[in-house]
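> Let me see the structure of the following:
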Amino acid sequence: MAAGRSLLILDLSDISKKYARKMEYLACVRDGSEGDLASGYRLLQIIGAESGKHMVLPLYNRLYSQRSPDHQSENIEILTAIETVSQATQGKGVWVMDRGGDRDKLLFPLIKTKRRFLIRLCKGRDLIYQGRALDDLEIAQGCPMLYLESIIKEEGEKARCLRLEFGVRPVTLPGLNEPLWLVVVRGFGEEPLMLLTNVPLKKTRRSLWWAVESYMTRWTIEETFRFIKQSYQLEDIRLLTYIRLQNMMALVLAAAYFTMVYLNLRTKLRVLTGHLLQAARRVFGIPDFRFYALADGIKAYLFGQKKGLHGCFSNRDPDTGQRWLFSP
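Residues are numbered from 1 along each chain as shown. The predicted structure is shown next:
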């Protein structure tokens, strides 16, 4: 990835444990599949990506509970995750968040620590434009649309063409002099989409389209978050203690990395990848999203080994002394 403007996409979701009673520190969460409240845990995930590209890199996967004695707040969980990943990336990358990132307790620390961000705004935030404090929606409605682009949006089995108009206004936050840019996009709905960023932008098509495409990349990455949650059956994990549940998330992250990155990039494993895709025996419901099939193929392959995992590690690499997974 080009580290300068690589995207660091942060997502918050829930793991529902609807029938659990004895799991440690169960808290009230929203069951996304049923739209109701249930017992469970919060899940914070971070994926690395490039604007407009399909390459994804799992970076962070943490389970936490509001009822845990060491829990302070959701904002602290998010800022801790951002700092952890930022240290590993040497401060490079642009943090991309949905409307949940539109909070002073996140925006101010991000600006103070010089973390670059692209965050979708909610309605009702005051911004300073031309020396006056104005509502963000009021600024957006008066923003001239400089450019027009057409995109194809897939909705299930259907696809429709969207005409997107976009422009930009230079703004600041009340009480801060940090220059910010409000990117305004029309065409997704009745009201304009508002993106706030501290990445310097020019009034050129290429510069502004980068911001629009980066946020749309966040939408496509939502499928990656669903893949990690569904393929590894996070809601079916049955561990009673809190620390074991958190440790399991680290193992899930490693497995997701192996599936998404290692199998995709290692030349020596291209043949293996082909065999796993065949073992999955499925029709892709999502174009170019092979990770579900890879996860299914790995499971099918391992369950087909009569000797168990030991049979998969039959040969050693003569140079390192280590065993190769799935050696012929």
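
> in stretch 204-221, what's buried?
The neighbour-count check on stretch 204-221 (16 or more other Cβ atoms under 10 Å) flags Leu208, Trp209, Trp210, Ala211, Val212, Ser214, Tyr215, Met216, Thr217, Arg218, Thr220, Ile221 as buried. C-beta: built from backbone N, CA, C; applies to glycine.

> Mind listing what's buried along stretch 167-179?
By neighbour count on 16+ other Cβ under 10 Å, the buried set for stretch 167-179 is Gly167, Val168, Arg169, Val171, Leu173.

> confidence score at the third one?
Listed pLDDT for Arg169 reads 98.

> and the longest helix for the protein?
Ranked by residue count under DSSP state H, the longest helix found in the chain is helix 205-231.

> average pLDDT for that one?
For helix 205-231, the mean per-residue pLDDT is 83.

> go on, stretch 31-49?
83.

> Buried residues, it. List them.
31, 38-49.

> Repeat that for stretch 83-96.
Neighbour-count burial for stretch 83-96 [16+ other Cβ under 10 Å]: Val85, Ser86, Gly93, Val94, Trp95, Val96.

> these two touch, right, the last one and Ile9?
Yes: when contacts are counted by Cβ atoms under 8 Å, Val96 is listed as touching Ile9 (4.8 Å).

> Find the residues that touch each one of these two.
Thr217, Arg218 (Cβ atoms under 8 Å, 6 or more residues apart in numbering).

> right, and out of the buried residues of stretch 204-221, which lies closest to Lys17?
Nearest to Lys17 among the buried residues of stretch 204-221, counting by Cβ to Cβ, is Ile221 at 25.2 Å.

> That closest one touches Ile47, doesn't it?
Yes: judged on Cβ under 8 Å, Ile221 makes contact with Ile47 at a distance of 5.3 Å.

> Next, count neighbours for Gly101.
Using other Cβ atoms under 10 Å, Gly101 has 21 other residues around it.

> Can you read off the pLDDT for it?
Gly101 is given a pLDDT of 96.

> Check the spacing between it and Arg163 real quick.
27 Å (Cβ to Cβ, to the nearest Å).

> three-state assignment of Gln72?
Assigned with DSSP: H, G, I helix; E, B strand; the rest coil, Gln72 falls in the coil class.

> tell me which of the buried residues of stretch 204-221 is nearest to Leu180?
Ala211 (11.8 Å).

> Confirm for me that Val168 is in contact with Tyr147.
No: in this structure, Val168 is not within contact of Tyr147 by Cβ under 8 Å, at 9.9 Å.

> shared neighbours, these two?
Leu208.

> if we can go back for a sec, list the residues that contact both of Ile221 and Ile47?
Residues touching both Ile221 and Ile47 by Cβ under 8 Å, 6+ apart: Ile9, Asp11, Val56.

> tell me the secondary structure for the second one?
Think Asp11. Asp11 ends up strand, using three-state DSSP.

> Now do the same for it: its pLDDT.
90.

> With Leu180 instead?
Among the per-residue scores, Leu180 shows a pLDDT of 98.

> Measure how buried it is and give me the count.
Leu180, neighbours per other Cβ under 10 Å, totals 21.

> Show the buried residues in the shared contacts of Ile221 and Ile47.
Among the shared contacts of Ile221 and Ile47, the ones that count as buried by 16+ other Cβ under 10 Å are Ile9, Asp11, Val56.
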